[in-house]
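Novice: Take a look and give me a structure for this.
(chains A and B)
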Amino acid sequence: MTPPLLRLVLALAGNDWRLFWADKRAAALAFAVPVVLASAFGLIFARPTEDKAATRLPVAIVVEDDGPFTRRVAADLLASGRFEAVELSRAEAEARVADRRPGVAVVLPRGFERLRDWTPGAAGERPAVEIRHHPTTGAERQWAEGVLTETVMRRLAREKFGGLVGDAALAPPFRTETAVVGGPADAQFNAYAHSFCGMTLQYLLFWGMESGLLFLRDRKRGTWTRLRAAPVPLAAVLLGKALATAGVALLMVFFTFAVGRVAFGVTVNGSAVGFVLLAVAASALAAATGLLVAAVGGTEARARSVSTLVILGVSMVGGLWLPAFLLPGWVRDLALALPTTWAMHGLDGVTWQGRGPAEAVRGAAAVAGFAAAFLAVAVARLVAAERRARRGM
Amino acid sequence: MPAALSLQDVRVRYGDRLAVDGVTLAVGRGEVVGLLGPNGSGKSTTLLVAAGVIDPAGGVVAAGGVPRGDDPAGYAARVGLVPQGCALYDELSASDNLAFFGRLYGLGGRDLRRRVARALARAGLADRAGHRVGTFSGGMKQRVNLAAALLHDPPVLLLDEPTAALDPAGRDALFADLARLRDDGHAVLLSTHHLDDAALGCDRVAVLDRGRLVALGAPGDVFRAGPSDRAVLYAHLGARLAPFQARAIRQRLGPAVALEVTGNRLRLAAGCGGELGRALAIVLAEGVELDSFRTPAGSLERVLRLGVGHRTHPLQRVAFAHDDDPETAPDTQAS
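Specialist: Below you'll find the model as predicted:
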């Protein structure tokens, strides 16, 4: 009696499903780890988005000149809406900057008071202003320099022209209009949403790897000999494994996002159907990754080391840890050859970017394409291995 | 009437080496045949060919007269395999294991549940049906292992080293089960490298050496009596012996007594009963703990002379090859 292929596939998938749940603690950890990772990443990178315009740069102010003009400039800097400033001595400021708390210090040294007598176009030596900064805070240094320049020039204008110039007259002679390109106008970066997308995808790949390692282990057990003696085609075994892995992966996606929604307000602002399509495609990718690991991994130890390296690499380059826009252009170009990039782009789109189904379908199709390619390679290798085993090799 | 299982001129090649070289063997219904031979003689490979796990490079394997090549799925349904060691999922319960393997043979629904319950009852494990196999003793695992192979009621049963992990009581129970299966009309082919296993539970013995079938017949005929009768004692060790302990005991026993230690089994062979008794006293005096021991009536090892063209008969190598270098002696679980 030869059971129909579908019944065999379901029996094999059901068995793998039971094996997964047999160790309840391990199963619980498999669901908890992506949630913990996503929460941690979200917590680290989260910024109050509703107050984004008022984001202030932490900076230390050092005042070494006792002149009244210098004091007023210092007071303006300390009161600036662009700075989160604190006044320190030079020694204290340098010690803190070296520790990057804050990363920049503005020093108004002796002689700064001479600036009070400055006139536009005047020749001679200009008073110096020092900006001390940590090696990693080049961007913050430029930010501080800009705010300092604006503050000093406003103060000079007030001092030079007295009551003739009011705050309105010192305002920029132009209007700034901002617009969001490539998404809804109200789309703002949400660190939690990004982290939950990224960490879920990364963990799906790790789950796929684990599943592949389990398959490698299974093939050394007596149960594999028994399976090969049964009237079960290899296709049914592989489909059963893939179905079980993808099923668990899909459950992980929905569980992780459910926790993200309840605990951190991570929502699908865009297409819900697109989200489901991406989740299914990513789960299929996890299953295909598992079979690929089993097919090309060699020994279990070798497969674990290489897979871990590859998964961490494609996660980083694919923008799963940090948003892709923070990566250099050439890395972003290179990342287009990775499934993680497309999956992440799609998930970012349907979550915090609030995009429609078209982009999600494009992302899901790309991920499914990668999954199909992985599957094809894995099946070809495993079929060849089975042929060799049947010949006793 | 065709044999329940037949192997006709079967050859298996591992690279340049012929692991099975022209083996022809038939097992009838209601018959237990033992494949006997030293490690590397081709026992397990022959059994895997019979199970359909390995495709032979040449020859024909058939069950009920139908060659495997003509109907692989039908062939698989006619054969039940008990692989070496525990071929079960330790993480799952006994009933889940049986149900899974039953589904692979197309069983399902009420019929599957009934078969699982009956198999567990026969194995004496009905009250442990929901317990994880990982918590079972070696004997219990072997009973579930056997039950899993029989769930689809195959006429042919194949067992690869089934006694390897069993204590004497477990082995006796296994052979009682095999006798019952034989009486039910099953054809049983098992591999072993223990002569007493072959003598205890097999109707016929097929002796393999370097992949070739060198003897086939009833145990009494194959193990013919010879002039140099030896008294033999088989024992089960309470704790495994370190190689240096075995060496020390061998030195004390002297060259006239053969001591063989394989895993937790011990075999002691001496020229006569008195000599064997003295040898046993020496072994016990060395602090060796024996859980149980027995001395088979008319012990088989005295008759290892078949004159089949080898200077040393393969059965003698089974029994004595390990004496020279106990450290290289394979564990009984190794094929």
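
Novice: what pLDDT does the residue in chain A positioned nearest to chain B get?
Specialist: Distance from chain B to each residue of chain A (CB to the nearest CB) is smallest for A:G222, at 3.0 Å. Yep, even glycine has a C-beta here, placed from its N, CA and C like the rest. Note for A:G222: predicted pLDDT of 89.

Novice: Kindly provide the distance from the nearest residue to it once chain neighbours are set aside to B:L35.
Specialist: Excluding the flanking residues, the one nearest A:G222 by CB to CB, 6 or more residues apart in numbering or on different chains is B:A87, at 3.0 Å. B:A87 is 18 Å from B:L35, where distance means CB to CB, to the nearest Å.

Novice: of the two, who's got more company?
Specialist: A count of neighbours by other CB atoms under 10 Å in any protein chain shown puts B:L35 above the other of B:A87 and B:L35, at 29 against 24.

Novice: what sits against the more buried one?
Specialist: By CB atoms under 8 Å, 6 or more residues apart in numbering or on different chains, the contact list for B:L35 reads B:43, B:46-47, B:189-192, B:206, B:208.

Novice: Surely it forms part of a strand?
Specialist: Yes. Counting by DSSP: H, G, I helix; E, B strand; the rest coil, B:L35 is part of a strand.

Novice: returning to what we had before: now secondary structure and pLDDT too, for the contacts of B:L35, in JSON lines please.
Specialist: Formatted as JSON lines, the contacts of B:L35 follow (DSSP: H, G, I helix; E, B strand; the rest coil; pLDDT from 0 to 100):
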{"residue": "B:K43", "secondary structure": "helix", "pLDDT": "92"}
{"residue": "B:T46", "secondary structure": "helix", "pLDDT": "95"}
{"residue": "B:L47", "secondary structure": "helix", "pLDDT": "95"}
{"residue": "B:L189", "secondary structure": "strand", "pLDDT": "96"}
{"residue": "B:L190", "secondary structure": "strand", "pLDDT": "94"}
{"residue": "B:S191", "secondary structure": "strand", "pLDDT": "93"}
{"residue": "B:T192", "secondary structure": "strand", "pLDDT": "87"}
{"residue": "B:A206", "secondary structure": "strand", "pLDDT": "93"}
{"residue": "B:L208", "secondary structure": "strand", "pLDDT": "90"}
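
Novice: and which of the residues you listed is nearest chain A?
Specialist: B:L47 (10.2 Å).

Novice: so how many other residues sit close to that closest one?
Specialist: B:L47 has 24 neighbours, counted by other CB under 10 Å.

Novice: now whichever residue of chain B sits closest to chain A, what's its secondary structure?
Specialist: Residue nearest to chain A within chain B (CB to the nearest CB): B:A87, separated by 3.0 Å. Per three-state DSSP, the secondary structure class of B:A87 is coil.

Novice: is it true that B:A169 touches B:G139?
Specialist: Yes. Using CB atoms under 8 Å, B:A169 makes contact with B:G139 at a distance of 7.3 Å.

Novice: So which of the two has more stuff around it?
Specialist: B:G139 (16 against 12).

Novice: wait, what's in contact with that one?
Specialist: B:G139 touches B:166-167, B:169-170, B:173, counting by CB under 8 Å, 6+ apart.

Novice: do you know how far it is from B:A270?
Specialist: With CB to CB as the criterion, B:G139 and B:A270 are 31 Å apart.

Novice: again, but for B:A77
Specialist: In terms of CB to CB, B:A77 sits 50 Å off from B:A270.

Novice: can you check A:R261 too?
Specialist: 79 Å.

Novice: More neighbours: which of these two?
Specialist: B:A270 (22 against 14).

Novice: dump the residue contacts of that one.
Specialist: Applying CB under 8 Å, 6+ apart, we find B:A270 in contact with B:230-231, B:256-258, B:276, B:278-279.

Novice: Would you list the buried entries among these?
Specialist: With neighbours counted by 16 or more other CB atoms under 10 Å in any protein chain shown, the contacts of B:A270 contain buried members at B:230-231, B:257-258, B:276, B:279.

Novice: Three-state assignment for A:R355, please.
Specialist: Secondary structure for A:R355, judged by three-state DSSP, is coil.

Novice: Next, give phi and psi for it.
Specialist: Note on A:R355: its backbone torsions stand at phi -90, psi 170 [degrees, to the nearest 10].

Novice: Surely B:I54 is within a helix?
Specialist: No. Assessed by three-state DSSP, B:I54 does not belong to a helix; its assignment is coil.

Novice: Correct me if wrong: it contacts B:T46.
Specialist: No. Using CB under 8 Å, B:I54 makes no contact with B:T46, being 9.2 Å away.

Novice: These two: who's more crowded?
Specialist: Of the pair B:I54 and B:T46, B:T46 is the one with more neighbours under other CB under 10 Å, namely 30 against 24.

Novice: Sketch out the helices for the chain, chain order is fine.
Specialist: Let's take chain A. Applying DSSP state H to chain A gives helices spanning A:5-22, A:24-45, A:68-79, A:90-98, A:138-161, A:191-218, A:222-229, A:234-264, A:272-296, A:300-317, A:329-335, A:339-350, A:357-390.

Novice: looking at chain B here, not the other one
Specialist: According to DSSP H, chain B carries its helices in the segments B:43-51, B:72-78, B:94-103, B:109-122, B:138-150, B:168-183, B:195-201, B:219-222, B:243-253, B:273-285, B:314-320.

Novice: which residues are contacting the first one?
Specialist: It refers to helix B:43-51. Applying CB under 8 Å, 6+ apart, the set of residues contacting helix B:43-51 is A:225, A:229, A:392, B:5, B:7, B:10, B:12, B:19-20, B:23, B:25, B:35-37, B:54-56, B:61, B:79, B:81, B:84, B:156, B:158-161, B:189-193, B:208, B:211, B:335.

Novice: what's the distance between the closest residue to A:L204 other than its chain neighbours and A:F370?
Specialist: Take A:L204 and drop its neighbours on the chain: the residue closest to it by CB to CB, 6+ apart is A:A286, 4.2 Å away. Going from A:A286 to A:F370 by CB to CB gives 11 Å.

Novice: List the contacts of the nearest residue to A:G111 once chain neighbours are set aside.
Specialist: Among residues not flanking A:G111 along the chain, A:P127 sits closest, at 5.2 Å (CB to CB, 6+ apart). For A:P127, the contacting residues are A:111-115, by CB under 8 Å, 6+ apart.

Novice: Need phi/psi at A:P127.
Specialist: A:P127 adopts backbone torsions of phi -60, psi 150, taken as degrees, to the nearest 10.

Novice: Check what pLDDT it gets.
Specialist: 84.

Novice: Quick check: it vs A:P109, distance?
Specialist: Using CB to CB, one obtains 8 Å as the distance from A:P127 to A:P109.

Novice: So, low pLDDT: which residues of the chain?
Specialist: This is for chain A. Applying pLDDT under 70 to chain A flags residues A:1-3, A:47-54, A:162-168, A:180-187.

Novice: I was after chain B.
Specialist: Within chain B, the ranges that satisfy pLDDT under 70 run B:1, B:224-230, B:295-335.

Novice: Not including adjacent chain positions, what is the nearest residue to B:L290?
Specialist: B:A235 (4.6 Å).

Novice: Hmm, B:A179 is touching B:D203, no?
Specialist: No. The criterion here is CB under 8 Å, and B:A179 misses it with B:D203 at 9.9 Å.
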